[in-house]
Each structure stands twice: as structure tokens, then as C-alpha cells.
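Trainee: Using only what follows, build the 3D model:
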Amino acid sequence: MNVIGSAVVLTVDDPAASARFFVSHLGFRDVLVTQGVIHLARDDAATDIVLHRTAGSGAPRQHPVVRAGAIVSCTVTGIQAEYERLRREGARITLPLRKEPWGEWMLQLTDPNGVVVQLVEWIPPSGA
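Mentor: Numbering: from 1, shown residues only. From the prediction side, this is the model:
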């Protein structure tokens with residue numbers, strides 16, 4: 001098997017609100033916008049984000065959808081500068097930047113639909 005792409009599919013009440021969040025704060029762009037579905041991508045190696053409207057919101061449903069808690073995690077570079085930029089932009093930072101003992105800097109944002117996005121930059125662990 002040769003994986004040539006990947007996507008995280010999220011079921012949310014308001015796909016447009018989540019799309020605005022991912023576009024304005026995280027550098028994604030619209031690839032496809034249809035009734036109840038928005039496909040977002042970046043020009044780097046990031047995983048695509050596909051936002052489906054919650055069933056019962058007028059969107060056609062062709063596949064079963066399970067709502068479950070999830071965290072969209074992205075490994076980044078320059079996390080301290082990103083943290084400052086996100087603060088200036090007024091992004092909803094729900095876990096401020098912190099250093100974990102196992103070797104990462106991380107922070108979490110939450111989009112208007114409650115989707116948690118974690119940004120991580122790996123560093124040598126404490127004592128290494």
C-alpha cells in the first residue's frame with residue numbers, strides 16, 4: 001500500500017464556522033464547498049480536513065456518521081511564534097503553550113463547533 005493523502009473527517013453543526021477557523025487561523029484553503037460538506041487543504045504535507053454537517057441539518061447523508069470526541073493534532077515548527085500570532089488574532093486558545101516533560105511544546109485551540117486542534121513541536125525531553 002502507498003498512502004498518497006489523508007483527511008480527517010469531522011461532523012459539526014456549522015461547517016462554515018469551522019472552515020473559517022481553519023482558513024483564518026491555520027492556513028487551510030477551500031478545495032470543495034457543497035451543501036453540507038467543506039473540504040479544506042494546505043499546500044504542505046498537512047492532512048486535509050473534511051467538514052460534514054450534522055445529520056438532520058438539511059445535508060444529504062450518504063454514509064453513516066458517528067460523532068465522537070477527537071483532537072486534530074498537527075506537528076509544527078516555530079510554535080512560540082504561532083502561539084503569539086494566534087493570541088493576537090483572538091483565536092480561542094483553550095490550553096496555553098506549555099512544555100511537556102516527554103519532549104514537546106504544545107497548545108490547544110477550539111473552533112466554534114468545539115473541535116479541538118492541538119499544535120505540537122517536538123523538542124528533546126527534559127534531562128536528555
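Trainee: My guess is Ile123 contacts Trp102. True?
Mentor: No. Using C-beta atoms under 8 Å, Ile123 makes no contact with Trp102, being 9.9 Å away. Any C-beta I mention is one placed from the backbone N, CA and C, and that applies to glycine too.
Trainee: Looking only at neighbour counts, state which of these two leads.
Mentor: Neighbours were counted for Ile123 and for Trp102 using other C-beta atoms under 10 Å; Ile123 has more, 14 against 9.
Trainee: Can you name the residues that contact that one?
Mentor: For Ile123, the contact set (C-beta atoms under 8 Å, 6 or more residues apart in numbering) comprises Lys99, Gly103, Glu104, Trp105.
Trainee: If any of these are buried, put those into a PyMOL selection.
Mentor: Here is the PyMOL command that selects the buried residues among the contacts of Ile123 (16 or more other C-beta atoms under 10 Å):
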select buried, resi 104+105
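Trainee: and which of the contacts of Ile123 is nearest to Phe21?
Mentor: When the contacts of Ile123 are compared for distance to Phe21 (C-beta to C-beta), Trp105 wins out at 21.5 Å.
Trainee: For Phe21, what are phi and psi?
Mentor: Dihedral pair for Phe21: phi -60, psi -50, per degrees, to the nearest 10.
Trainee: now swap in Ala46 and tell me
Mentor: The phi/psi pair for Ala46 (degrees, to the nearest 10) is phi -60, psi 150.
Trainee: any idea of the pLDDT on Ile4?
Mentor: On pLDDT, Ile4 comes in at 66.
Trainee: what do you get for the one 10 residues further on?
Mentor: Here, the pLDDT recorded for Asp14 equals 93.
Trainee: measure it to Val120 for me?
Mentor: 26 Å (C-beta to C-beta, to the nearest Å).
Trainee: Could you pull up the mean pLDDT of stretch 84-94?
Mentor: Stretch 84-94 comes out at a mean pLDDT of 96.
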